[in-house]
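**Q** quick one, fold the following:
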Amino acid sequence: MLDQVTKYTVHGKVYEQVHGNPFDRGSADSYYGRPRDPHWYPKGSYRGTRVEAEQMDDEETEAYHAGYDYNEQFGHKKDWG
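**A** Next up, the predicted model:
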């Protein structure tokens, strides 16, 4: 089974969102009201070994922040109601 890939343009650059990738984790952290904490999962969300900020390259870190910024811009937040 292939993960669905969605593309978003943030700050003039196109990012792909796939479960667990840096963009996805950034947008998820924003959605759930968590602070910025760059990370990602190479095998999909919460699968495999979590890649921490200090292990990420500049492109991965940029994608994480773009995902966070994108979600913040549109205000899509979890309703804990």
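**Q** residue 34 versus the residue of the chain positioned farthest from its centre, what's the distance?
**A** Going by Cα atoms, centre = their mean, the residue of the chain most distant from its centre is residue 81, 23.9 Å out. From residue 81 across to residue 34, the span is 18 Å (Cβ to Cβ, to the nearest Å). Placement of C-beta: from N, CA and C, glycine included.
**Q** residue 60 now?
**A** When distance is defined by Cβ to Cβ, residue 60 is 18 Å away from residue 34.
**Q** how far does the helix ranked longest in the chain sit from the chain's center?
**A** Determined from DSSP state H, the single longest helix within the chain is helix 58-74. Centroid separation for helix 58-74 versus its chain: 6 Å, with Cα atoms, centre = their mean, to the nearest Å.
**Q** point out where this structure drops to low pLDDT.
**A** Low-confidence segments of the chain, defined by pLDDT under 70: 1-3.
**Q** ok, now which ones touch residue 40?
**A** For residue 40, the contacting residues are 20-22, 24-25, 50-51, 56, 60, 64, by Cβ atoms under 8 Å, 6 or more residues apart in numbering.
**Q** among these, which ones are buried?
**A** 20-22, 24-25, 51, 56, 60, 64 (16 or more other Cβ atoms under 10 Å).
**Q** quick one: which of these sit in helices?
**A** Residues of the buried ones among the contacts of residue 40 located in helices (DSSP H): 22, 24-25, 60, 64.
**Q** pipe the residues you listed into CSV and attach distance to residue 38 per row.
**A** Formatted as CSV, these follow (distance: Cβ to Cβ, whole Å):
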residue, distance to residue 38
22, 7
24, 12
25, 8
60, 8
64, 4
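**Q** tell me the two of these that are most distant?
**A** Spatial extent of these (Cβ to Cβ) is set by the pair 24 and 60 at 11.6 Å.
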